[in-house]
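1. I'd like to go over a predicted model; first the sequence, then the structure.
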Number of protein chains: 2
Amino acid sequence: MSFWIENARVVPGDGSLALPRAAVRVTGDRIEKVTRVPDDDGAERIDARGRVLMPGFVDAHTHALWAGDRLDEFEQLQRGRSYVEILASGGGILSTVRAVRAASEQELADRLVARLNVMLREGTTTVEVKSGYGLDTATELKMLRAIRAAAARSDVAVVPTALLGHALDPDQPDLVNRVLGETLPAVHAEFPTIAVDAYCERGAWSLTDCRALLERARALGHPLRLHADQFSALGGLDLAVELGAQSVDHLEATAPEGLARLARSRTVGVILPASGFHLDDRYANARALLDAGGRLVLASNCNPGSAPTSSMPFVIALAVRKLGLRVDEAIRAVTAEPAALLGFSDRGRIAPGMRADLILLRHTDERALAYELGGNPVDLVIAGGRPGGPSPGSASP
Amino acid sequence: MSFWIENARVVPGDGSLALPRAAVRVTGDRIEKVTRVPDDDGAERIDARGRVLMPGFVDAHTHALWAGDRLDEFEQLQRGRSYVEILASGGGILSTVRAVRAASEQELADRLVARLNVMLREGTTTVEVKSGYGLDTATELKMLRAIRAAAARSDVAVVPTALLGHALDPDQPDLVNRVLGETLPAVHAEFPTIAVDAYCERGAWSLTDCRALLERARALGHPLRLHADQFSALGGLDLAVELGAQSVDHLEATAPEGLARLARSRTVGVILPASGFHLDDRYANARALLDAGGRLVLASNCNPGSAPTSSMPFVIALAVRKLGLRVDEAIRAVTAEPAALLGFSDRGRIAPGMRADLILLRHTDERALAYELGGNPVDLVIAGGRPGGPSPGSASP
């Protein structure tokens, strides 16, 4: 089946110039051709009426699978209770861990499908989803299986990541050794090519323990990712570069010299402005990374504790205000660059042969995508060549 | 025609307790009854499946009618050019004035209808729209007529305001006198009950000129509103209170003592956090106003220069983070309080006899409305008893 989208302002996503008025033909799940006007072939036409057509968003860093919620905690924070007090009374990440442990794989899959539907409606067509709220082998596997099951039920393409070094558990003083000796081998047996990730931060995994996990994962053939430098620069950035990690994520605490070292490597910098906005108004120096020639990805960091968003337009709006990015730089960082980070050569750009993951905005100027605050600017989503996506409310809450 | 919304978490909007599981019957354009479960009457039922049902948002301060755009200016600001330089080269509000003068009444009405459709989709069912980009009699009247025409074409209820004292025009040194002597009488003749508004600020209308305009408007029977204390506290707050204005809007520069005086009056404080976020991270002290017993309204301030948003969920999310409001306080400030400000006793609350302006969120907990950032959390809009609103992209851009 083929159809055209005509009269569109086509924003290709990879930094090449926008086409002010063009037509795109979709055949099956592919972009077949991009022309000035549609061929006279009788295929159905969707009239974009000058609106922007761009690649669907690729959200390359999320913790979008969780159970329970952190709304009580948010209320307490607003009323002046401190994070430390909340953690001490059992809140924080461990409350999510308890809820995930208590949920069945089916319940977790249903929750993620509902979240994926929200993401799809907001223009995200490929998303990475991490495990990491299990802190034990059975629950990490349960999360990864739930992610796999949800992916099969959604039009969003889902890439799982095994975040095996996310946190410490006061009830498990031997957690690091167990992850190395039991969890990693079990994950490897069932998900041999999955990326392995850790969180290098005070109160989470130390530099030494991250090295142990990532070296072992690399030896097993897993691609690597690493959260580093969110609050403290402990050396995670250089570890990620040394081990050839695909990305190092957060970087709020990274000095320009560190970003310059990153820029000289093949490791991508993933920056997460929504958690900066939610937590403490601290942002990574994306400008310095780009100016040093580095590769930049922007992602939502969607998670219930520090980045309650799955809106890539909101991430873009933050990026141009708080990170000093131009709109075209921000767009590239949510389309072509994260597609490459996740190993895809068939998406994140509008060109013949690419996967037909496309979004039609209500805007006729892509700068409005960064300028407008809040709301959902996406009029139409095409995922794998299929227009529409789910209607609001169609997934179980 | 009647239908039920069942299995909803009903958030009434006026501060009364939420009903964890309730049913609402809509008949014609009214809420007919609120029960625990639907009557067995054979009427159609919409299953809310636990989702939040609340009053549609009432956005009581917008400049939602404009022509042209300010995207070039935003790009220049991002690249480091100052507001002063931009103004000097013809940018700023006067670029919007030129575009509005150049547009026909039809074009203006079409633009506003498109914006109203976006607002409706995002849950706003009643909105105030100001004139103020004309700075001459003919153009102010053109704007007000376009607002009236757009209102007739939209399911959003629209309340126009004559913002006759918005700005100064370097080409019209006699502007204030002309507004008093010509524009106000012309507006009065055609819109005898419209609210009259002004902007009391350095570089805009002085306190003296605001007093002259508002006293004359009040003498003609017009309700009054006043922008004051956005950047400088020039005395506009006390002027508004003295003249019995319905509201005084902005208040970023108001000291707690001023808010206490406001709280002792019948004038409502309207606070606009989105322009604070967009411009300079300065916010009015809403907490102090509420703690002093004042009445608070939150609004979008939707306009192309300083508040590029029509998302009331985004306003709520800012309010709980930057203004120290509880979620229930923020919800009241975007439903029952602005309905009263605009003179409506039939909306902003869920109760028998109220207008059926309702929104069904994807959330099952109203705190998520404030917690989540970006996106559109509204699954279904019912305006005047009619479900659906316009589909995305259905209005001409």
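-> On my side now, so go ahead. Everything numeric here is computed off the predicted structure, so don't read it as measured data.
2. Now name the helix or strand holding A:Phe3.
-> Using DSSP states H and E, A:Phe3 maps to strand A:2-10.
3. which residues touch that strand?
-> A:18-28, A:32, A:34, A:37-38, A:41, A:43-54, A:350, A:358, A:360, A:364-366, A:382, A:387 (C-beta atoms under 8 Å, 6 or more residues apart in numbering or on different chains). All C-beta spots, glycine's among them, are computed from the backbone N, C-alpha and C.
4. again, 7 Å this time
-> For strand A:2-10, the external contacting residues (C-beta atoms under 7 Å, 6 or more residues apart in numbering or on different chains) are A:18-27, A:32, A:34, A:37-38, A:43-53, A:350, A:360, A:364.
5. Over to stretch A:92-103?
-> By C-beta under 7 Å, 6+ apart, stretch A:92-103 touches A:66-68, A:70, A:86, A:108, A:133-135, A:139, A:143, A:167, A:304-305.
6. neighbours of the residue lying closest to A:Arg45 once chain neighbours are set aside, just the number please.
-> Leaving aside its chain neighbours, A:Arg45 sits nearest to A:Trp4 (4.5 Å; criterion: C-beta to C-beta, 6 or more residues apart in numbering or on different chains). Counted with other C-beta atoms under 10 Å in any protein chain shown, the neighbours of A:Trp4 add up to 23.
7. got it, and A:Thr62?
-> 25.
8. OK, contacts around it?
-> A:Val127, A:Glu128, A:Val129, A:Lys130, A:Ala299, A:Ser300, A:Asn301, A:Cys302.
9. re the thing from before, from the chain's centre, how far out is the strand holding A:Phe3? Work that out for me.
-> Centroid separation for strand A:2-10 versus its chain: 27 Å, with C-alpha atoms, centre = their mean, to the nearest Å.
10. how about the next helix-or-strand element following that strand, does it reach chain B?
-> For strand A:2-10, the following helix or strand on the C-terminal side (DSSP H and E) is strand A:19-27. No - applying C-beta under 7 Å from any C-beta of the partner chain, one finds strand A:19-27 out of contact with chain B, separated by at least 13.6 Å.
11. Would you list the strands that strand A:19-27 pairs with, along with their directions?
-> Strand A:19-27 sits in its sheet next to strand A:2-10 (antiparallel), strand A:30-35 (antiparallel), going by DSSP bridges.
12. What are the contacting residues of it?
-> Contacts for strand A:19-27 (C-beta under 7 Å, 6+ apart): A:2-10, A:31-38, A:53, A:350, A:356, A:382, A:385.
13. Using the three-state scheme, assign the nearest residue to A:Val248 once chain neighbours are set aside.
-> The shortest distance from A:Val248 to any residue other than its chain neighbours is 3.9 Å, reached at A:Ala240 (C-beta to C-beta, 6+ apart). Under the three-state scheme (DSSP: H, G, I helix; E, B strand; the rest coil), A:Ala240 adopts helix.
14. Check A:Ala240 and give its pLDDT.
-> For A:Ala240, the pLDDT comes out at 98.
15. Show me which residues of chain A are close to chain B?
-> In this structure, chain A approaches chain B at residues A:49-51, A:69, A:71, A:74-75, A:78, A:118, A:122, A:274, A:278, A:308-311, A:313-314, A:320, A:326, A:362, A:364-365, A:367-368, A:371-376, A:379-380, A:392-393, A:397, judged by C-beta under 7 Å from any C-beta.
16. pLDDT wise, what is the closest residue to chain B within the stretch 101-250 of chain A at?
-> Among the residues of the stretch 101-250 of chain A, A:Glu122 lies closest to chain B, at 5.2 Å counting by C-beta to the nearest C-beta. Turning to A:Glu122, the model gives it a pLDDT of 97.
17. One more: A:Glu75?
-> On the pLDDT scale, A:Glu75 is placed at 88.
18. Might one say that it is in contact with B:Arg367?
-> Yes - the criterion here is C-beta atoms under 7 Å, and A:Glu75 meets it with B:Arg367 at 6.5 Å.
19. So the two - more neighbours on which side?
-> Legend: neighbour count by other C-beta under 10 Å for A:Glu75 and B:Arg367, higher for B:Arg367 (20 against 16).
20. What residues sit buried inside stretch A:218-227?
-> When neighbours are counted by 16 or more other C-beta atoms under 10 Å in any protein chain shown, the buried residues of stretch A:218-227 are found to be A:His222, A:Pro223, A:Leu224, A:Arg225, A:Leu226, A:His227.
21. So what touches that stretch?
-> Stretch A:218-227 is contacted from outside by A:161, A:188, A:192, A:194-200, A:210, A:214, A:217, A:236, A:239-240, A:243, A:245-250, using C-beta under 7 Å, 6+ apart.
22. any idea which element A:Arg178 lies in?
-> Counting by DSSP H and E, A:Arg178 is found in helix A:175-178.
23. show me what contacts whichever residue of the stretch 1-150 of chain A sits closest to chain B?
-> Closest contact between the stretch 1-150 of chain A and chain B, by C-beta to the nearest C-beta, is at A:Leu71 (4.5 Å). The contact partners of A:Leu71, by C-beta under 7 Å, 6+ apart, come to B:Asp365, B:Arg367, B:Ala368, B:Tyr371.
24. what's the span of stretch A:126-143, first residue to last?
-> Criterion C-alpha to C-alpha, to the nearest Å; first-to-last residue distance in stretch A:126-143 is 18 Å.
25. Next up, the contacts around A:Val176.
-> Counting by C-beta under 7 Å, 6+ apart, A:Val176 has contacts A:Asp209.
26. scratch that, A:Phe231
-> Counting by C-beta under 7 Å, 6+ apart, A:Phe231 has contacts A:Glu201, A:Arg202, A:Ala253.
27. Only whichever of those residues are buried, select them in PyMOL.
-> To isolate the buried ones among the contacts of A:Phe231 in PyMOL, judged by 16+ other C-beta under 10 Å, type:
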select buried, chain A and resi 201+253
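28. So among the contacts of A:Phe231, where is pLDDT lowest?
-> Of all the contacts of A:Phe231, A:Arg202 carries the smallest pLDDT score, 93.
29. Now that one, what are its backbone angles?
-> A:Arg202 has phi and psi values of phi -60, psi 130 when expressed as degrees, to the nearest 10.
30. circling back: residue contacts, the residue nearest to A:Val248?
-> A:Leu226, A:Ala228, A:Val248, A:Thr267.
31. Of the residues you listed, which belong to strands?
-> A:Leu226, A:Ala228, A:Val248 (DSSP state E).
32. which residues touch the closest residue in space to the second one that isn't next to it in sequence?
-> It stands for A:Ala228. Closest residue to A:Ala228 apart from its sequence neighbours, by C-beta to C-beta, 6+ apart: A:Gly236 at 2.8 Å. For A:Gly236, the contact set (C-beta under 7 Å, 6+ apart) comprises A:Cys200, A:Leu207, A:Cys210, A:Leu226, A:Ala228, A:Asp229, A:Val248.
33. give me that answer again for 8 Å
-> Shown in contact with A:Gly236 (C-beta under 8 Å, 6+ apart): A:Cys200, A:Glu201, A:Leu207, A:Cys210, A:Leu226, A:His227, A:Ala228, A:Asp229, A:Val248.
34. CA atoms only: put stretch A:243-261 into PDB for me.
-> These are the backbone C-alpha positions of stretch A:243-261, laid out as PDB (Å, rounded to 0.1, in the frame of the first residue of the first chain):
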ATOM      1  CA  LEU A 243      35.900   1.100  27.400                       C
ATOM      2  CA  GLY A 244      34.400   2.400  24.100                       C
ATOM      3  CA  ALA A 245      31.000   2.800  25.500                       C
ATOM      4  CA  GLN A 246      28.300   3.900  23.000                       C
ATOM      5  CA  SER A 247      27.300   6.800  25.300                       C
ATOM      6  CA  VAL A 248      27.900   8.600  28.500                       C
ATOM      7  CA  ASP A 249      24.700  10.100  29.900                       C
ATOM      8  CA  HIS A 250      23.900  13.100  32.200                       C
ATOM      9  CA  LEU A 251      27.100  15.200  32.300                       C
ATOM     10  CA  GLU A 252      25.700  18.100  34.400                       C
ATOM     11  CA  ALA A 253      28.900  18.100  36.500                       C
ATOM     12  CA  THR A 254      31.300  17.700  33.600                       C
ATOM     13  CA  ALA A 255      33.800  20.500  33.100                       C
ATOM     14  CA  PRO A 256      34.500  21.700  29.500                       C
ATOM     15  CA  GLU A 257      37.800  19.800  29.500                       C
ATOM     16  CA  GLY A 258      36.000  16.600  30.100                       C
ATOM     17  CA  LEU A 259      33.500  17.400  27.300                       C
ATOM     18  CA  ALA A 260      36.500  18.100  25.000                       C
ATOM     19  CA  ARG A 261      37.900  14.600  25.800                       C
END
